[in-house]
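Visitor: Coordinates for the following, if possible.
(one chain, ligands or ions: 3)
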Amino acid sequence: MHQNDQIDKLARSQIMAIAHQFSLQKQIADIQPFGSGNINDTFLVSLQEVEAQPFILQRINTKVFREPKLVMQNMRIYANHVRDRLQKSPLDRRWDIPKILPTQQGQDYWKTDSGEFWRSLSFIANSQSFDVMGNIEQAREVGYALGTFHHLTSDLVPEQLADTLAGFHVTPRYLQQYEEIFGTRSINKSPEIDYCLRFVSDRKGLAHILESAKADGKLPLRTMHGDPKVNNILFDRQTQLAVSIVDLDTVKSGLVHYDIGDCLRSGCNVIGEETEQWQDVQFEMELCQGILQGYLSTARSFLTEYDYTYIYDAIRVITFELGLRFFTDYLSGNIYFNVKHPEHNLWRSLVQFRLLESIEAQESVIQKIIKDIKYKAL
Ligand code: ADP
Ligand code: GN1
Ligand code: MG
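Guide: Residues are numbered from 1 along each chain as shown. Ligands and ions are numbered 1, 2, ... in the order given. A predicted model of the protein is given here:
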């Protein structure tokens, strides 16, 4: 079920009562579903007082995040670290971190009698997000945002962070889950399903590339965001500059390559991952260049030779991984990602697989962009 359907499902009065826990006696003017995330249910709460800032209210998906308290703990560690670092060495432009808003009892979250887990975050003032990139300037800003996240967390020891989602971005594990489902379910036949089955079977080897590089010591564990797709990056409505990165539920120890790959696969698909025109999906080279330029403008200081070597692999592995995750979820009966209709995850997987074909067809151009940008960065 998608969050936009949630406001009807959850009685408005119930959500209102939960929002009151965080509004600290202020009168609530309105509550609306917000954003287009696939995991949590997100609402924007506006207040009666003219000067009062609206805030974000979220019901954490506890089927995905089994220990939401750890999610909040990580968020605090991250926010404290970054605020401290920014205080010591400020950036030369606006960069905001969402604040966790306390309940009336001073807690980071509100747990309902039925076990739902809710939290509130300050709304990043005057911001907006986009599901697709419109131009190269935006692409540079998306890259800048991810680079800034990595830069500001490059000295956050990842072992301090709890593992909020075991196995997240361990691609061979998703392949294993797929094979388990494949072995136990009877699968309907259709041209689209056949295409997906063949696609996965032809590319199984991709799943191990980044994990093998990690095991060989070529890629180190660092603090990763985990989910830096385009709509988790917020832009200032006036300046059009990136001012924040949100959706911090998966900030934990991992490979920055999963982030780099995810940001590129999401940012370079201009018709977006929700399109039904999956055959028209393409990986746009100009946007790829823009994202990488923006990324390296802040990230070059901590990247190693191997990091550059694996950027192209990162793009194809994460695109394969996401297609595989959507397809497995479709075969499993849509239990992980919010969906609007039963075939939704199948269409989403087709989009990612088509995107991967486009990436593969342009490998030499992508490699050249990476090489050129690397030498400019040195
Ligand atoms: P999900 O895990 O379901 O993707 P997110 O935390 O990403 O949930 O929230 C959904 C969307 O709401 C984000 O993509 C972003 O556009 C918006 N959003 C989330 N947090 C904030 C915030 N603090 N300020 C402004 N917008 C936000
Ligand atoms: C989910 O929560 P959201 O919509 O920002 C997912 C990501 C996927 C993305 C694909 C915790 O991100 O891994 O890349 O959907 N988040 C989680 O749209 O699984
Ligand atoms: Mg999100």
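
Visitor: So which bits of the stretch 1-150 of the chain are right by ligand 1?
Guide: By the rule C-beta under 6 Å from any ligand atom, the part of the stretch 1-150 of the chain lying against ligand 1 is 34-35, 37-40, 42, 56, 98, 121, 123-124, 127, 129. For glycine as for every other residue, the C-beta is placed from the backbone atoms N, C-alpha and C.

Visitor: again, only this time at 8 Å
Guide: Proximity of the stretch 1-150 of the chain to ligand 1, by C-beta under 8 Å from any ligand atom, involves residues 3, 34-42, 44, 55-56, 58, 61, 98, 121-124, 127-129.

Visitor: Out of those residues, which end up buried?
Guide: 3, 34-35, 37-42, 55-56, 58, 61, 98, 121, 123-124, 127, 129 (16 or more other C-beta atoms under 10 Å).

Visitor: Do you have the helices of the stretch 1-150 of the chain handy? List them.
Guide: 3-9, 12-23, 68-88, 136-152 (DSSP state H, counting those that start in this stretch).

Visitor: Pick the most deeply packed of those helices.
Guide: Ranked by average neighbour count under the criterion mean count of other C-beta atoms under 10 Å, the helices of the stretch 1-150 of the chain are headed by helix 136-152 at a mean of 24.

Visitor: list the buried ones in the helix or strand just after that one?
Guide: Past helix 136-152, further along toward the C-terminus, the next helix or strand under DSSP states H and E is helix 171-184. Within helix 171-184, the residues scored as buried using 16+ other C-beta under 10 Å are 171-172, 174-175, 177-178, 181.

Visitor: Do any residues in helix 171-184 lie close to ligand 2?
Guide: No: for helix 171-184, no contact with ligand 2 is found by C-beta under 8 Å from any ligand atom; the gap never falls below 10.6 Å.

Visitor: what pLDDT, on average, does that helix get?
Guide: Mean per-residue pLDDT for helix 171-184: 95.

Visitor: Packing partners of it?
Guide: helix 191-202, helix 209-215, helix 311-331 (3 or more C-beta pairs under 8 Å, 6 or more residues apart in numbering; DSSP states H and E).

Visitor: Enumerate the residues of the stretch 201-350 of the chain near ligand 1.
Guide: Contact residues (C-beta under 8 Å from any ligand atom) of the stretch 201-350 of the chain with ligand 1: 227, 231-232, 234, 244, 246-249, 338.

Visitor: Within reach of ligand 2, which of the residues you listed are there?
Guide: Applying C-beta under 8 Å from any ligand atom to those, one finds that 227, 231-232, 247, 249 fall near ligand 2.

Visitor: which ones are touching the residue in the stretch 201-350 of the chain that ligand 3 sits nearest to?
Guide: Nearest residue of the stretch 201-350 of the chain to ligand 3: residue 247, at 3.7 Å (C-beta to the ion). Going by C-beta atoms under 8 Å, 6 or more residues apart in numbering, residue 247 touches 37, 227, 232.

Visitor: Out of those residues, which is nearest to ligand 1?
Guide: Closest approach between those and ligand 1, by C-beta to the nearest ligand atom: residue 37, at 2.1 Å.

Visitor: Tell me how far the closest one lies from ligand 2.
Guide: With distances taken as C-beta to the nearest ligand atom, to the nearest Å, residue 37 is found 4 Å from ligand 2.

Visitor: And what about the residue of the stretch 251-378 of the chain found nearest ligand 1, helix, strand or coil?
Guide: When scored by C-beta to the nearest ligand atom, the stretch 251-378 of the chain has residue 338 as its residue closest to ligand 1, at 7.5 Å. Under DSSP: H, G, I helix; E, B strand; the rest coil, residue 338 falls in the coil class.

Visitor: hang on, it packs against residue 39?
Guide: Yes: the pair residue 338 and residue 39 qualifies as a contact (C-beta atoms under 8 Å) at a distance of 6.9 Å.

Visitor: ok, back up a step: now mean pLDDT and distance to residue 266 too, for the helices of the stretch 1-150 of the chain, in CSV please.
Guide: CSV is the format used below for these (pLDDT from 0 to 100; distance: least, C-beta to C-beta, whole Å):
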stretch, mean pLDDT, distance to residue 266
helix 3-9, 55, 19
helix 12-23, 92, 29
helix 68-88, 98, 21
helix 136-152, 98, 9
